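1. sharing a model that was predicted from the sequence below.
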Amino acid sequence: MDTFTPAGTILNGASVQDALMSARAVNVFYATKHAVKNVSLDIARHQVLALIGPSGCGKSSFLRCLNRMNDTIQGARVEGLITLDGQDIYEARQDVAQLRARVGIVFQKPTPFPQSIYANVAYGPRIHGLAKDRGSMDELVQTSLERAGLWEEVKDRLSQTGTSLSGGQQQRLCIARTIAVNPEVILMDEPTSALDPIASAKIEDLIDVLRTNYAIVIVTHNMQQAARVSQRTAYFHMGDLVEVGTTNMMFTNPQQKLTEDYISGRFG
Amino acid sequence: MAIIDPRHAATQLIYERVFRTATLGAAILVLLILGGVAISLVRGAWPAMAHFGFGFVTHEVWNPVTDEFGALAPIYGTVVTSVIAMAIAVPVGFGIALFLTELCPPLLKRPIGVAVELLAAVPSIIFGIWGLFVLAPILQKHVQPWLIKHIGHIPGIGGIFHGPPFGIGILTAGLVLAIMVLPFIAATMRDVFDTVPPMLKESGYGLGATTWEVIWNVVVPHSRVGIVGGIMLGLGRALGETMAVTFVIGNAHRVSASLLAPGTTISSSIANEFTEAVGDLYTSSLIALGLLLFLITFTVIAIAQAMLRRLERQAANT
């Protein structure tokens, strides 16, 4: 399996025209574990790319390379080239904070800061100096919450703590918080795995709406979810990118035996 | 239905009763001890309190020969040395804790952590000896002359660095105390910083926050209760520390604006003078000093509790 994709090989469907982000021959190591092996994959504008595969297949590790979240993990090492608008994001003079403002991330579990709903959303704009005065901050908070589909539910209690919301609301708050910085790409690491079906459905609807403004990469264990929300799907197996293509093609006519087995539920 | 041996059930019940009674007894014991200490302090201090009245805490004179006793100097010394100690130890301890939890390369993490804990294990008498024979001469020769020359003549703040460089005095005691309470503050803060969920920190980084911004906006707010706790633990030790302070403070019953002048603290006065206290009023005055320390410590804890409650309310409303 180790040589599934030799360095330099780019799978059919892995590259797209006018890609927003582009990964070439990316390898990720955690201490001794080789978590991502020679993955080359493009991220298109205004599209949702789903990363699927069994646990430990490297999909989350790959996702975390895209805004250098792996930098915060002790002993993690990333090799290869990743570009955003043609710029190498791993080059020495890259400002990591700026990169993460452009490539936001939403995690598995909702992680609101122990502050008010307002302060949670205002945090990113505040540290990046995106709002000039109180009025424009109020506006930014409102639009971000509206885009995350949470405004109607929280507009009367913006001063309550973020942790007082339900799980699904907290996750939408985290999405609002990410949107508030006005990123170009939103990474989502199993954003609904801690939520009930109704809350999950709301997030899925939201992802479809957000696509008009942002490129989205979503890691999911739920294949129905991948089929519902994404336009392109990439299948990872044991660190290798096995197959990638339009979601329609991947779910109806996969080219690889491994992909077919996983999608038809034979393992995973 | 499960069949339970009734004898077994009876034994279980007895154990449960014994267990409940034992824990209740332990809890009540705390109240009894605390009450006992308070009562014996008040009884012992009563003659002095009756004789001097409220003037005991406002008078500076402490003269065993004429049987005149005022607690102002020891109260002043206790408060000022503790303030100096906290002013130094809180920011430094905060820095150590942050470095250890957020910035330290893994190779250094253990050695520094162990060193901090070892510093806490050094007996106070060692700090006293070191303060007297090492720190005080250095301060006397190099630091204090500089302070007197450059700051001593500035109107206003100059007064705190005025007079001859004795080496020992309020400032030296404050510095020694700072070193002594530092490991407690650093270790407590480190432990609370370690409890911040990694996901929360990652969320900060994920929004493009720098390490400093994550520390200041995520780690610190999340651990503010523990931070206050660490500070109070340090302050409690600084207020009550006896031996090391006695070595370096100069033991003079007087209040002077200059930090370079010798002074005394409540605990060092008691330790120094109890053996030679002749006469009931003298002994009673020393016990009254003890009662005052008891009250100061109580007040500090009460203020800390009030602060914590305010912090929690603020957290709910921000």
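-> Perfect, I can see it now.
2. got a list of what residue A:194 touches?
-> If a contact means C-beta atoms under 8 Å, 6 or more residues apart in numbering or on different chains, then residue A:194 has A:108-110, A:167, A:171 as its contacts. C-beta coordinates here come from the backbone N, C-alpha and C atoms, glycine included.
3. what's the farthest-apart pair in these?
-> Greatest spatial distance in the contacts of residue A:194: A:108 and A:167, 11.6 Å, computed using C-beta to C-beta.
4. the stretch 151-300 of chain B against chain A: which residues are in contact?
-> Applying C-beta under 8 Å from any C-beta of the partner chain, one finds that the stretch 151-300 of chain B approaches chain A through B:197, B:199-210, B:213, B:217-218, B:221-222.
5. show me which of these are buried.
-> The neighbour-count test (16 or more other C-beta atoms under 10 Å in any protein chain shown) marks B:200-209, B:213, B:217-218, B:221-222 as buried among those.
6. those residues in strands, which ones?
-> Within these, no residue falls in strands by DSSP state E.
7. now the two most distant members of those.
-> Those two in those that are separated most widely, counting by C-beta to C-beta, are B:208 and B:222, at 19.2 Å.
8. just give me the residue closest to the centre of chain A.
-> Closest to where the C-alpha atoms of chain A average out (C-alpha atoms, centre = their mean) is residue A:187, at 1.6 Å.
9. who's in contact with that residue?
-> Applying C-beta under 8 Å, 6+ apart to residue A:187 gives the contacts A:63-64, A:66-67, A:103-106, A:216-218.
10. let's see it at 6 Å
-> Applying C-beta atoms under 6 Å, 6 or more residues apart in numbering or on different chains to residue A:187 gives the contacts A:63, A:66, A:105, A:217.
11. among those, which are in reach of chain B?
-> Contacts with chain B within the contacts of residue A:187, counted by C-beta under 6 Å from any C-beta of the partner chain: residue A:105.
12. for residue B:98, give its distance to chain A.
-> 16 Å (C-beta to the nearest C-beta, to the nearest Å).
13. once you drop chain neighbours, what's closest to that residue?
-> Distances taken as C-beta to C-beta, 6 or more residues apart in numbering or on different chains put residue B:215 closest to residue B:98, at 5.9 Å, once the chain neighbours are dropped.
14. and stretch A:33-50, how far out from the chain middle?
-> Relative to the centre of its chain, stretch A:33-50 is centred 10 Å away, using C-alpha atoms, centre = their mean, to the nearest Å.
15. mean confidence score for it?
-> If you average the pLDDT over stretch A:33-50, you get 93.
16. what about chain B, any weak spots by pLDDT?
-> Along chain B, segments meeting pLDDT under 70 span B:1-2, B:314-318.
17. might you name the residue of it sitting closest to chain A?
-> Nearest to chain A, among the residues of chain B, is residue B:208, at 3.5 Å (C-beta to the nearest C-beta).
18. how far away is that residue from residue A:101?
-> 4 Å (C-beta to C-beta, to the nearest Å).
19. residue B:151 too?
-> Applying C-beta to C-beta, the value for residue B:151 to residue A:101 is 45 Å.
20. of those two, which one has the most company?
-> residue A:101 (24 against 14; other C-beta atoms under 10 Å in any protein chain shown).
21. residues touching that one, list them.
-> Each residue near residue A:101 by C-beta under 6 Å, 6+ apart is listed here: A:128, A:181, B:208.
22. would you turn those residues into TSV with distance to residue B:297?
-> What follows is those, written out as TSV (distance: C-beta to C-beta, whole Å):
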residue	distance to residue B:297
A:128	46
A:181	47
B:208	45
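23. inside helices: which ones of these?
-> Judged by DSSP state H, the contacts of residue A:101 include residue A:128 as members of helices.
24. list just the nearest of the contacts of residue A:101 to residue A:143.
-> residue A:181 (12.4 Å).
25. next, give phi and psi for the closest one.
-> Per-residue torsions, residue A:181: phi -80, psi 0 (degrees, to the nearest 10).
26. quick one: it from residue A:94, how far?
-> Applying C-beta to C-beta, the value for residue A:181 to residue A:94 is 17 Å.
27. secondary structure class for residue A:46?
-> Counting by DSSP: H, G, I helix; E, B strand; the rest coil, the backbone at residue A:46 sits in coil.
28. over to residue B:288?
-> Assigned with three-state DSSP, residue B:288 falls in the helix class.
29. so it is in contact with residue B:46, correct?
-> No. Using C-beta atoms under 6 Å, residue B:288 is not in contact with residue B:46, being 8.5 Å away.
30. neighbour count winner among the two?
-> Using other C-beta under 10 Å as the criterion, residue B:288 and residue B:46 rank with residue B:288 on top: 26 against 14.
31. tell me how far that one lies from residue A:174.
-> Noted for residue B:288: a distance of 58 Å to residue A:174, by C-beta to C-beta.
32. same deal with residue B:43?
-> Using C-beta to C-beta, one obtains 61 Å as the distance from residue B:43 to residue A:174.
33. the more surrounded of the two?
-> The neighbour comparison of residue B:43 against residue A:174 (other C-beta under 10 Å) goes to residue A:174, with 28 against 12.
34. now whatever helix or strand that one lives in: how far from the chain's centre is it?
-> Taking DSSP states H and E as the criterion, residue A:174 maps to helix A:167-179. What separates the centre of helix A:167-179 from the centre of its chain is 14 Å, taken as C-alpha atoms, centre = their mean.
35. before I go, just wanted to say thanks for your time.
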